[in-house]
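Trainee: Sequence and predicted model, in that order:
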Amino acid sequence: MSEKLICQQLSVGYPRRPQVLQDIELAFEAGQVTCILGENGSGKSTLLKTLAGLMPPLSGFIHWRDQDLVNLGRRQRARDWGYLAQQGRPEWSMPVHEIVRLGTYARPDWSKQEAEEAHTWAMQETHCEGLANRPVLELSAGEQQRVLIARLLASRPQVILADEPTAGLDPRHQLEVMGLLQEQARQGALVITVMHDLALAASHSDQAVMLHQGGVFAAGDSREIIQPQNLRAVFGIG
Ligand SMILES: Nc1ncnc2c1ncn2[C@@H]1O[C@H](COP(=O)(O)OP(=O)(O)OP(=O)(O)O)[C@@H](O)[C@H]1O
């Protein structure tokens, strides 16, 4: 069984803005961190939302482990996939430890002890222990982001889709969160992150995808893709 997420002839967009991206051909591999780069409005979040199953493709296919993603049941998706929305905010004013525990509810296959261990691990890795009893809506934006990352990780997802996971984080937590995502990939997860920080993307991803003008401008090894000539063409810098 192929541990790949594959997009074939994929076109994504909205009813009033169709074809944000057209005829996308991409392959994402388990065990790797892939960062998606591109200017504002280039379709990064739209692609991630489509991969997360939050919006249907306009056309084309997405395959995961040789299976068409449309055939993936909700429970399996909830169990195996984790999605962090761009500028997501917790919805309910619950204590941090309860918000993070919600992540473990995606794993009804776990024993109570397994769920407790995953909860403790996610709280520790994101440095949320000191915030455990604080109402989440009273936290700073960066603290809330860490809580949402903890909730995402608490289900130990095999596919992690993170839209700007380091947004609002201080430099130390940016490095730690990217290190954490890298660690999940080393343990076999397939990790896709939307990034704006090119230095962080270069240092913490294996693969890079650059979106530009409705398509994939470049994709491949991050060190080969995040290069001045591509940055000039896509961002007008470098
Ligand atoms: N709900 C929506 N309805 C219609 N058009 C939308 C909607 N959401 C986004 N768009 C449009 O789709 C295009 C791609 O948006 P998207 O949010 O995917 O870009 P992005 O690359 O993630 O941008 P950014 O770097 O600013 O986050 C933009 O032109 C945007 O205006």
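Mentor: Right, received. Where do you want to start? Numbers count the residues shown, from 1 in each chain.
Trainee: Near the ligand, which residues of this structure? Just list them.
Mentor: 14, 16-17, 20, 38, 40-46, 86 (C-beta under 6 Å from any ligand atom). To be clear about C-beta, it is placed using only N, CA and C from the backbone, and glycine gets the same treatment.
Trainee: CA atoms only: put stretch 107-122 into CSV for me.
Mentor: The C-alpha trace of stretch 107-122 is given here as CSV (Å, rounded to 0.1, in the frame of the first residue of the first chain):
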residue,chain,number,x,y,z
ARG,A,107,-9.8,8.0,18.9
PRO,A,108,-12.6,5.8,20.3
ASP,A,109,-10.3,2.8,19.6
TRP,A,110,-8.0,3.9,22.4
SER,A,111,-8.2,2.7,26.0
LYS,A,112,-8.6,5.4,28.7
GLN,A,113,-4.9,5.0,29.5
GLU,A,114,-3.9,5.5,25.9
ALA,A,115,-6.0,8.6,25.7
GLU,A,116,-4.6,9.9,28.9
GLU,A,117,-1.0,9.4,27.7
ALA,A,118,-1.7,11.1,24.4
HIS,A,119,-3.3,14.0,26.2
THR,A,120,-0.3,14.4,28.6
TRP,A,121,2.2,14.1,25.8
ALA,A,122,0.4,16.8,23.6
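Trainee: Greatest separation within the residues of the chain next to the ligand: which pair is it?
Mentor: Using C-beta to C-beta, the residues of the chain next to the ligand span at most 20.8 Å, a distance reached by R16 and G38.
Trainee: The two - which one has more neighbours?
Mentor: Neighbours were tallied for R16 and for G38 using other C-beta atoms under 10 Å; the higher tally belongs to G38 (22 against 5).
Trainee: now that one: how far from R186?
Mentor: 26 Å (C-beta to C-beta, to the nearest Å).
Trainee: got the residues of the chain next to the ligand as JSON lines, with secondary structure and pLDDT columns?
Mentor: Output for those, formatted as JSON lines (DSSP: H, G, I helix; E, B strand; the rest coil; pLDDT from 0 to 100):
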{"residue": "Y14", "secondary structure": "strand", "pLDDT": "93"}
{"residue": "R16", "secondary structure": "coil", "pLDDT": "89"}
{"residue": "R17", "secondary structure": "strand", "pLDDT": "89"}
{"residue": "V20", "secondary structure": "strand", "pLDDT": "95"}
{"residue": "G38", "secondary structure": "strand", "pLDDT": "97"}
{"residue": "N40", "secondary structure": "coil", "pLDDT": "96"}
{"residue": "G41", "secondary structure": "coil", "pLDDT": "95"}
{"residue": "S42", "secondary structure": "coil", "pLDDT": "96"}
{"residue": "G43", "secondary structure": "coil", "pLDDT": "97"}
{"residue": "K44", "secondary structure": "helix", "pLDDT": "97"}
{"residue": "S45", "secondary structure": "helix", "pLDDT": "96"}
{"residue": "T46", "secondary structure": "helix", "pLDDT": "96"}
{"residue": "Q86", "secondary structure": "coil", "pLDDT": "89"}
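Trainee: Please point out which parts of the lengthiest helix in the chain sit buried.
Mentor: In the chain, taking DSSP state H as the definition, the longest helix is helix 171-186. By 16 or more other C-beta atoms under 10 Å, the buried positions in helix 171-186 come out as H173, Q174, E176, V177, M178, L180, L181, Q182, Q184, A185.
Trainee: Which residues outside the helix or strand immediately after it in the chain are in contact with it?
Mentor: Next helix or strand after helix 171-186 toward the C-terminus (DSSP states H and E): strand 190-194. Strand 190-194 has contacts (C-beta atoms under 8 Å, 6 or more residues apart in numbering) with 3-5, 28-36, 44-45, 48, 51, 86, 158-165, 178, 181-182, 184-185, 201, 205.
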